[in-house]
Structure formats: structure tokens, C-alpha cells
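>>> Using only what follows, build the 3D model:
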Amino acid sequence: MFHVFTGLISLYVIWRFVLPLSLSRPAKILLSLLLLGAAEHHLVTRNFFGSMASPEVPATLLMVLGWLFGALLLLAMLLLLRDVAGVVVYAFSRPRGRRLLAARAWGKGAAVLALMLSAIGVWQAVRVPDVKTLEIALPKLPPELDGFRLVQLTDLHASRLLQAPWIDAVVKKANGLDPDLIVITGDLVDGTTDARAADVLPLQALRARHGVYAIPGNHEYYAQYARWLPAFEQLGLRLLLNEHVTLTPNGQRLVLAGITDKMAAAYDEPVPDATRALNGVPKTDPVILLSHRPIGAAQNARLGAGLQLSGHTHGGQILGPHLLTQLANEGYVSGQYEVDGMQMYVSNGTGLWPGFPIRLGRPSEITQIVLRSPARVATP
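This next block holds a predicted model:
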């Protein structure tokens, strides 16, 4: 379905941008083939160079393909904006509507703008993220744990695009925050254990006073999920698979729970089960739940989670079209939400899938969360 959708987009751009150009027939054919190739390059990498989730081609080529693919999508959006405006104007003034719909200058300007924005988007996608710090009041958190600091990494997507040096830079930034706890909320890797062994190695250097914990995302299931679990454990990452642990910083109880991803069902693996993950947790304990996807937040709140940390959405990656991602994730896409008394934070992601390396207005992040006790917050 993805390839049909991208193919239709390229045909629309050919119809509304290429065909009206004052070019020779061979030049139009060549440009059309280039656009079709950019639209369907995932088919080539999937069939000949790795997989859809993990294209095994050089990082530079991935960035070039991402730039062209991103420019195609942005150009399509700009052309659609013109055409919709043209139809609206046509309803009131046919001559003006026709001029707008046939405006070649708009198409040429849109093409230049799309290429420029896509280049900026690729740079934003592959740079090492900045640290984003926020404070969240965690229900039931004892005053003694006010100021407890955790770092959330998510959607690292270690790949041929984001390799060991990039992962190492992220690890050093996270460690530099001297956190009490580090959590990784899924999509750590793209590719097999053999392909990514060197790229994930820097993760073993992650350090936090009360441990480093992780959960799987949907991408872990695309390549050797069963082999990745022990590999992560060897890196010092404690996987929470529909289970919880009780931390005791300063002698106080803090529950950290984690669930699997719904993609597990397609691979006959345990599906996410928050009820099981929180089984046996006293009602008086503060609870942080790790869930790769933000969906299901209302149910998790009813089960007793005080804070849910999620990723998966990448913040929608592009401001504007991010609304489509929001619709696909129960209205959650980026930032902090309150869901039936539970706090939820949806990170924009630390990395992203190499098949679409574009970020515009939705920056990546290393998230530092300072937990606040409601008792301290309420104190004047």
C-alpha cells in the first residue's frame, strides 16, 4: 500500500509539474523517471539491499535518497495547495481560477523551495539531538524523590544512516546529564544483530544511578526480535516485557513498568499487556509506564500508571503533515498530555527510520525529565 501511495504522489507531480514545463519530450521523460525512482526507491532497497525497515546502503546515499523523496513529497503538498486554492477561486472567478491552476511560476518556485526545505530537513534529521528538559508532577511521588531526574531516549533507529559514532554522541550527551535513571522507549535498531552489532555497542556505556531500562518498539520485531533480547541484555539494558521493577531511591518506592509493542502479534510474540505489567503494584506506589506507542493511554491511566513515556510518532517529522500522524495515534503526537489524571509525555524521538530522514519543525530530542512531587508542588 505504501508503494502505491508514493507512486500516485509521483504521478500527480508529473501531471501538475513536469508536463506543463517548457521542456523537450526526452527531458520530460527523464525528469518523470527521476521522480518515479525517488518515489519508489524503497522497493529497490527492500528487494536488493536489505529490507524496507533496514536499507543496507551507504549513509550518504540514504541522505541523497531521503532528500529527493522528501522534496517530492513537499512539492506535491505545495502543488496541492495551489490546486485547492485554484478550485476555490474558480468557484468565484473562472478566469482567475484558471490562471492560478495554470501558474507555471508557482510550480517552479515550489520545486526550488521543496529542494531547499528537504535539504534542511535531512540535516535536521541526522544531527545529534539537543537536550530538552521539562518538569512533570508524578502522582504519588514522595517528597523525598522530588527532583528525581530521568533521561528518555527513544526511536534511536541504529542503522546505516545513524551509525556507531552518532549513537556514541547520544550516549555521551545522556551520561553528561548525570541522570538517576535512563529509559529507552523502543525502536532501538533497524536491522539484524549481525548488521548492527557495532552500531549499538556504544549503548553499553549508558550510566544512571538506578539503572538503564528499555522496551521494544515495532522495529525490533522486523528483524530477529528473539536474538535482539539477549543482545540488549548483554549491553546492560534491562528489558521490561509486560513486567515491572520497584526502584528504591532514597529508600522510597518508585515503580517502573514496561510493555511490548502490538507488532508482536504478527510474529507470535507476547502482545502488550499493561494489566500484567502492573500486577501486584500497591495502589500507593508512584508508577511510570514505558509504552512505545502513545495509544492505550486511557486504559493505562485506569490501571494505575501515573506517568506514561512514549515515542513512535517522531513528532510527525514535518510540521503540518504531523496532524496525520496525530490522527493515527489517538490524537497524541508530541509533548505532554494529561489523560484521566495520568501524565503522558510523547517524545519526538532521538533518531528516526532511515527510509524517511526528514525533520522540519519537529526536532529530535534527548529528553531530561525532572520529576516533581505533588506534595512539594502544592506547598506555597
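>>> Give me the residue ranges of this protein where confidence is low.
For the chain, residues meeting the criterion pLDDT under 70 lie at 376-380.
>>> Do you have the strands of it handy? List them.
Chain-ordered strands for the chain, with DSSP state E as the definition, fall at 130-137, 149-153, 181-185, 212-215, 238-239, 243-247, 254-258, 287-290, 307-310, 335-339, 342-346, 365-372.
>>> Just the buried residues of the fourth one, please?
Within strand 212-215, the residues that qualify as buried by neighbour count (16 or more other C-beta atoms under 10 Å) are 212-215. All C-beta spots, glycine's among them, are computed from the backbone N, C-alpha and C.
>>> export those residues to TSV and tack on distance to Gly176?
As requested, the buried residues of strand 212-215 are arranged in TSV below (distance: C-beta to C-beta, whole Å):
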residue	distance to Gly176
Val212	15
Tyr213	19
Ala214	20
Ile215	24
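>>> quick one: the residue lying closest to Ser10 once chain neighbours are set aside from Ser118, how far?
Closest residue in space to Ser10, ignoring its immediate chain neighbours: Ala39 at 3.6 Å, by C-beta to C-beta, 6 or more residues apart in numbering. With distances defined as C-beta to C-beta, to the nearest Å, the gap from Ala39 to Ser118 amounts to 14 Å.
>>> ok, back up a step: redo the strands of the chain as TSV? Include distance to Ser93.
Below are those laid out as TSV (distance: least, C-beta to C-beta, whole Å):
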stretch	distance to Ser93
strand 130-137	47
strand 149-153	53
strand 181-185	52
strand 212-215	56
strand 238-239	63
strand 243-247	64
strand 254-258	59
strand 287-290	56
strand 307-310	48
strand 335-339	42
strand 342-346	44
strand 365-372	46
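>>> Show me the one of the ones you listed that comes nearest Arg94.
Using C-beta to C-beta as the criterion, the shortest distance between Arg94 and those is 44.4 Å, found for strand 335-339.
>>> mind listing what that closest one pairs with, with the direction of each?
Strand 335-339 has its sheet partners listed here by DSSP bridges as strand 342-346 (antiparallel).
>>> Not counting the strand it pairs with itself, show me its contacts.
With contacts defined as C-beta atoms under 8 Å, 6 or more residues apart in numbering, strand 342-346 is touched by 134, 136-139, 152, 294, 297, 300-301, 305-313, 315, 332-338, 367, 369.
>>> chain center to that strand, what's the gap?
Between the centre of strand 342-346 and the centre of its chain there are 16 Å (C-alpha atoms, centre = their mean, to the nearest Å).
>>> for it, which positions count as buried?
When neighbours are counted by 16+ other C-beta under 10 Å, the buried residues of strand 342-346 are found to be 342-346.
>>> Repeat that for stretch 213-223.
213-223.
>>> what about stretch 208-216, how long is it end to end?
Criterion C-alpha to C-alpha, to the nearest Å; first-to-last residue distance in stretch 208-216 is 20 Å.
>>> nope, stretch 54-64 is what I was after
Distances were taken as C-alpha to C-alpha; on that basis the terminal residues of stretch 54-64 are 16 Å apart.
>>> and of the buried residues of strand 342-346, the nearest to Phe356?
The shortest approach to Phe356 among the buried residues of strand 342-346 belongs to Val346, at 18.5 Å (C-beta to C-beta).
>>> Identify the bridge partners of the closest one.
On the basis of DSSP bridges, Val346 is bridged to Ser310, Gly335.
>>> and Leu19, what does it touch?
The contact partners of Leu19, by C-beta under 8 Å, 6+ apart, come to Lys28.
>>> Report the separation between it and Leu75.
Here the distance between Leu19 and Leu75 works out to 14 Å (C-beta to C-beta).
>>> What ranges does the stretch 251-380 of the chain have for its helices?
Per DSSP state H, counting those that start in this stretch, the stretch 251-380 of the chain carries helices over the ranges 274-277, 297-302, 322-327, 374-378.
>>> Nearest approach to Trp67 belongs to which of the ones you listed?
Comparing those against Trp67 with C-beta to C-beta, the closest turns out to be helix 322-327 (19.7 Å).
>>> and the closest one, how far from the chain's centre?
Between the mean C-alpha position of helix 322-327 and that of its chain there is a distance of 12 Å (C-alpha atoms, centre = their mean).
>>> can you list contacts of it?
When contacts are taken as C-beta under 8 Å, 6+ apart, the neighbours of helix 322-327 outside the stretch itself are 313-317, 332-334, 361-362.
>>> Spatially, which two of the residues you listed are the most separated?
The largest distance within those, taken as C-beta to C-beta, falls between Tyr332 and Gly361 and amounts to 17.6 Å.
>>> quick one, which of the two is more surrounded?
A count of neighbours by other C-beta atoms under 10 Å puts Tyr332 above the other of Tyr332 and Gly361, at 22 against 13.
>>> residues touching that one, list them.
Going by C-beta under 8 Å, 6+ apart, Tyr332 touches 294-295, 297, 310, 313, 326, 344, 346.
>>> In CSV, list those along with distance to Leu278.
As requested, these are arranged in CSV below (distance: C-beta to C-beta, whole Å):
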residue, distance to Leu278
Pro294, 17
Ile295, 17
Ala297, 14
Ser310, 16
Thr313, 24
Gln326, 27
Met344, 15
Val346, 20
